[in-house]
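S.K.: here is a sequence together with a model predicted from it:
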Amino acid sequence: MPLNIPNLLTWLRILLIPVFVAVFYLTDNSLSPHLKNLISTSVFFLAAFTDWLDGFLARKLDQFSAFGAFLDPVADKLMVAAALIVLVKLGRADAIIAFIIIGREITISALREWMAQLGESRSVAVSMIGKLKTTFQMLALLFLLYHDTLLGIDFQVIGSLLLYLAAMLTLWSMGYYLMLASPRLKKHQKLN
């Protein structure tokens with residue numbers, strides 16, 4: 001495992017997950033609900049920023065590695081899954097929406113792994129739909145974690161709407177990836 005800046009940022013993102021979750025296990029006497037929301041939102045934002053930054057630096061510094069390519073999406077999925085589980089537990093997100101998003105991530109990760117084994121990994125490369133889904137999902141999670149009202153803006157309502165939109169894009173992107181992979185899977189099935 002090469003120790004370069006992008007990989008260290010990915011490890012940082014993974015290490016932030018227990019910090020993020022632990023905030024909600026503190027008593028309201030030790031940390032007010034508002035501070036819990038603020039700290040968890042900040043930690044999640046930092047994790048999301050490191051996701052962007054490690055990709056940017058990997059390209060800029062030409063520090064790509066097979067391990068980094070494996071670990072980066074794992075870190076992303078762990079952080080999103082942790083946030084969704086926390087939000088469901090707090091009653092800020094519906095369990096079915098969390099299931100759709102987490103289920104899609106598992107399905108597409110398995111599909112990409114399988115396609116890579118078949119030498120067809122390019123056929124399920126990240127698409128614009130996937131990037132749009134991720135953008136709405138991250139904004140929704142940030143708003144739902146913050147939860148409070150600021151300047152008359154109810155972040156819970158906006159976050160809920162964005163999360164439903166992210167879930168629809170999640171299903172759409174999953175269908176898109178499965179459609180792209182289908183001909184290649186059929187081709188390899190016939191060969192075996």
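M.R.: Structure's in. What do you need?

S.K.: below-threshold pLDDT in this protein: ranges please.
M.R.: Judged by pLDDT under 70, the chain has its weakly predicted residues at 1-2, 120-127, 185, 188-192.

S.K.: now the strands: where do they sit in it?
M.R.: Applying DSSP state E to the chain gives strands spanning 149-150, 153-154.

S.K.: can you add distance to residue 8 and mean neighbour count and give the ones you listed back as JSON lines?
M.R.: Yep, even glycine has a C-beta here, placed from its N, CA and C like the rest. As requested, those are exported to JSON lines (distance: least, C-beta to C-beta, whole Å; neighbours: other C-beta atoms under 10 Å):
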{"stretch": "strand 149-150", "distance to residue 8": "33", "mean neighbour count": "10"}
{"stretch": "strand 153-154", "distance to residue 8": "35", "mean neighbour count": "12"}
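
S.K.: which among those is found nearest to residue 14?
M.R.: Of all these, it is strand 149-150 that lies closest to residue 14, at 29.5 Å by C-beta to C-beta.

S.K.: and residue 134, how far from residue 86?
M.R.: Between residue 134 and residue 86 the computed distance is 19 Å (C-beta to C-beta, to the nearest Å).

S.K.: what about residue 63, how many neighbours?
M.R.: For residue 63, the count of nearby residues is 15 (other C-beta atoms under 10 Å).
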